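A.B. asks: structural data only, the sequence is not supplied:
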């Protein structure tokens, strides 16, 4: 039988693994044979007291028939800053699609990218330009003379390519995949 | 200027909101103007000690060039009960061998992996790419310009390594041999 | 089959299944280790025989895997035969086993490294990234740029192209024009003139090509418009007859047909 402190630690791990509200019943079920609802509630009281201690960045909340682990409200600003910083090291799926189109079909205009993706991609193309993965390279000599986009030197460096001819052929990627599914 | 304890709490909130590894640089940037990398590292030391000390269900680990807040390994059983089939599957022996080759000899091509294992490993390598443990990083400038593979940051996190230099040192062949003969 | 490929019958059948081995190197390593000899001094004849005996239980393996085992079977035979050849001491030739041994040593290192990784994984299997609810929720579909590779880029393009193909099904392709209205007018005019009363409907329904029927119908309407023929039908769905009016066909009027 776990001690109240051990039970509190176990509940903390479960709440952290879930990342959302966990019903008290589910905590009782996870705690194992013979652990009662009252014991879980006592353990949660220990956990809550421990996090109330100022030094913790987290707190335990009781929400509608369960508990959840949450970040302290005072860190909201820091979290926004953090997400902004992290976003710079990441690409959305939409941006990746636009990058793929530019990489394989360059030079290409925004209307052409929009046509292939089926949605306006002005925002994601701007992101790619800001990240220096894509750059403007002249204008297409058609009505409206739209800007032409190409991948940059940084793009090649990031992906470890000597030049654009080193990009995998689409059939190549597909073949590897097919062999993969059959071979494993 | 936040106190080391306040900084530790802020970092804890950020790590828990991210739910995954956070690069040290991102933590430093989040902490705000004038907070140094050394101060963040000191704060993380406080946080680590706090989780080690108390009856915490979590721990702080240094992996993949950053920090991660994770559940303690002793709660594996409870988490498996709670998460059900979502529990992580082990890598197969074939996948581990291919991954070991990539880890210790990167960058390396598929033909070289095949040679070292004595069997075609296209399928397992594809699985490793899908699990984001291995990624393509350019091509080798030899006949056929095969793709070169490297391990990812996710690989470091999966195996709890801070960087590649933290890979276990391999014993010399003769020692392995002795262990092999007595052990089988 | 080379008799050497068939191991003597008195040899004990292997007591293991080949499916437990990762490949020929793994099997060879197992056989060598069972001999409890130094890897640098493999009794190649014994190992060769045992390896071939093991291959006899290979029915359970598919052909691709079997092929990999057979390559090593042939190699072992080659080494075995070279070992039997007398070597001139002054030649100081390389040990024929050298390359094989080097491969085995390298593979053993791979296995050791894999075991290390398996050990690390075992400890960490139960660990999950801790997550707490936050006021600001991180976006879900973002990819870490650092771990993104060219295969992911290629994959993204395939996704785009497939979606585009789904949303833009190929445009109905028009067959090249094979029948000209002008030719059909001339043809029909000749037939109407020679037959006096031409069964247009039967003619249209018996054309092998629908496009030809359509062209013929247009030609018939043209003849009527130009006043060189009239149509009549006695009742609905009955035969449609085309009869000449006696008016000659004005060929120049067909210029733009």
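C.D. replies: Happy to help now that I have it. Not measured: the values here are computed from a predicted model.
A.B. asks: check which helix or strand covers residue C:219.
C.D. replies: Using DSSP states H and E, residue C:219 maps to helix C:210-225.
A.B. asks: elements contacting whichever helix or strand comes after that helix?
C.D. replies: Counting by DSSP H and E, the next helix or strand C-terminal to helix C:210-225 is strand C:229-233. Contacts defined by 3 or more C-beta pairs under 8 Å, 6 or more residues apart in numbering or on different chains; DSSP states H and E place strand C:229-233 against helix C:210-225, strand C:240-244. Where C-beta positions appear, they are placed from N, C-alpha and C, glycine not excepted.
A.B. asks: and these: which comes nearest chain B?
C.D. replies: helix C:210-225 (49.2 Å; C-beta to the nearest C-beta).
A.B. asks: just how off-centre is the closest one within its chain?
C.D. replies: Mean-position distance between helix C:210-225 and its chain equals 47 Å (C-alpha atoms, centre = their mean, to the nearest Å).
A.B. asks: and the average pLDDT for that helix is what?
C.D. replies: Mean pLDDT, helix C:210-225: 87.
A.B. asks: which elements pack onto that helix?
C.D. replies: The contact analysis (3+ C-beta pairs under 8 Å, 6+ apart) places helix C:210-225 against helix C:181-195, helix C:200-205, strand C:229-233.
A.B. asks: output the set of residues of the stretch 101-250 of chain C in proximity to chain B.
C.D. replies: Proximity of the stretch 101-250 of chain C to chain B, by C-beta under 8 Å from any C-beta of the partner chain, involves residues C:103, C:105-118, C:120-121, C:123-132, C:134, C:136, C:138, C:144, C:146-151.
A.B. asks: near chain A too, which of the residues you listed?
C.D. replies: C:128, C:130-132, C:134, C:136, C:138, C:144, C:146, C:148-151.
A.B. asks: pull out the buried residues from those.
C.D. replies: C:128, C:130, C:131, C:132, C:134, C:138, C:144, C:146, C:148, C:149, C:150, C:151 (16 or more other C-beta atoms under 10 Å in any protein chain shown).
A.B. asks: need the residues you listed in a markdown table (columns: secondary structure and pLDDT).
C.D. replies: A markdown table is the format used below for those (DSSP: H, G, I helix; E, B strand; the rest coil; pLDDT from 0 to 100):
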| residue | secondary structure | pLDDT |
| --- | --- | --- |
| C:128 | coil | 87 |
| C:130 | coil | 91 |
| C:131 | coil | 90 |
| C:132 | coil | 91 |
| C:134 | coil | 88 |
| C:138 | coil | 75 |
| C:144 | strand | 88 |
| C:146 | helix | 88 |
| C:148 | coil | 92 |
| C:149 | coil | 92 |
| C:150 | helix | 92 |
| C:151 | helix | 92 |
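A.B. asks: quick one: contacts for the closest residue to residue C:40 other than its chain neighbours?
C.D. replies: Closest residue in space to residue C:40, ignoring its immediate chain neighbours: residue C:101 at 6.0 Å, by C-beta to C-beta, 6 or more residues apart in numbering or on different chains. Neighbour list for residue C:101: C:39, C:40, C:42, C:95 [criterion: C-beta atoms under 8 Å, 6 or more residues apart in numbering or on different chains].
A.B. asks: now, which of these sits nearest chain B?
C.D. replies: Using C-beta to the nearest C-beta, residue C:39 comes nearest to chain B of those, at 5.8 Å.
A.B. asks: isn't the closest one up against residue C:104?
C.D. replies: Yes: if you go by C-beta atoms under 8 Å, residue C:39 and residue C:104 touch, sitting 6.0 Å apart.
A.B. asks: mutual contacts of those two, please.
C.D. replies: If you check residue C:39 and residue C:104 against C-beta under 8 Å, 6+ apart, the residues they both contact are residue C:32.
A.B. asks: which SSE is residue C:237 in?
C.D. replies: Judged by DSSP H and E, residue C:237 forms part of no helix or strand.
A.B. asks: now the strands for chain A?
C.D. replies: A:22-23, A:58-63, A:66-71, A:90-92, A:108-109, A:134-139, A:147-151 (DSSP state E).
A.B. asks: so how far is the first one off the chain centroid?
C.D. replies: So the one you mean is strand A:22-23. Put simply, strand A:22-23 sits 24 Å off its chain's centre (C-alpha atoms, centre = their mean).
A.B. asks: one more: the last one?
C.D. replies: Its chain's average C-alpha position is 27 Å from that of strand A:147-151, according to C-alpha atoms, centre = their mean.
A.B. asks: do the same with the third one
C.D. replies: The gap between the average C-alpha position of strand A:66-71 and the chain average comes to 21 Å, counting by C-alpha atoms, centre = their mean.
A.B. asks: over to stretch A:62-82?
C.D. replies: With C-alpha atoms, centre = their mean as the basis, the mean position of stretch A:62-82 lies at 18 Å from the chain mean.
A.B. asks: that stretch vs chain C: in contact?
C.D. replies: Yes: for stretch A:62-82 and chain C, the contact criterion (C-beta under 8 Å from any C-beta) is met by A:68, A:69, A:70, A:71, A:73, A:76, A:79, A:80.
A.B. asks: contacting residues for residue 110?
C.D. replies: Reading this off chain A. Going by C-beta under 8 Å, 6+ apart, residue A:110 touches A:121, A:122, A:125, A:146, A:147, A:149.
A.B. asks: nope, chain C
C.D. replies: By C-beta under 8 Å, 6+ apart, the residues touching residue C:110 are B:97, B:100, B:101, B:116, B:117.
A.B. asks: reformat those as TSV; add distance to residue B:110 and pLDDT.
C.D. replies: Output for these, formatted as TSV (distance: C-beta to C-beta, whole Å; pLDDT from 0 to 100):
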residue	distance to residue B:110	pLDDT
B:97	14	96
B:100	15	97
B:101	10	97
B:116	11	95
B:117	11	94
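A.B. asks: can I get those residues in CSV with neighbour count?
C.D. replies: What follows is these, written out as CSV (neighbours: other C-beta atoms under 10 Å in any protein chain shown):
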residue, neighbour count
B:97, 29
B:100, 24
B:101, 26
B:116, 21
B:117, 26
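A.B. asks: so which of those residues is the closest to chain C?
C.D. replies: Among the contacts of residue C:110, and counting by C-beta to the nearest C-beta, the member closest to chain C is residue B:100, at 3.6 Å.
A.B. asks: distance of the closest residue to that closest one other than its chain neighbours from residue B:92?
C.D. replies: Counting by C-beta to C-beta, 6+ apart, residue C:113 is the residue found nearest to residue B:100 once chain neighbours are left out, at 3.6 Å. Distance from residue C:113 to residue B:92, counting by C-beta to C-beta, to the nearest Å: 15 Å.
A.B. asks: one more: residue C:26?
C.D. replies: 13 Å.
A.B. asks: also residue C:219?
C.D. replies: 72 Å.
A.B. asks: what's the answer for residue C:166, then?
C.D. replies: Distance from residue C:166 to residue B:92, by C-beta to C-beta: 35 Å.
A.B. asks: which of the ones next to chain A among the residues of the stretch 101-250 of chain C next to chain B are the two that sit furthest away from each other?
C.D. replies: Greatest spacing in those, by C-beta to C-beta: C:132 and C:150 (35.5 Å).
A.B. asks: list the contacts for the residue lying closest to residue A:71 once chain neighbours are set aside?
C.D. replies: Of all residues not flanking residue A:71 in the chain, residue B:13 sits nearest, at 4.1 Å (C-beta to C-beta, 6+ apart). The neighbours of residue B:13, taking C-beta under 8 Å, 6+ apart as the test, are A:57, A:58, A:71, A:72, A:75, A:78, A:79, C:132, C:134.
A.B. asks: could you do residue C:46 as well?
C.D. replies: With C-beta under 8 Å, 6+ apart, residue C:46 has these contacts: residue C:35.
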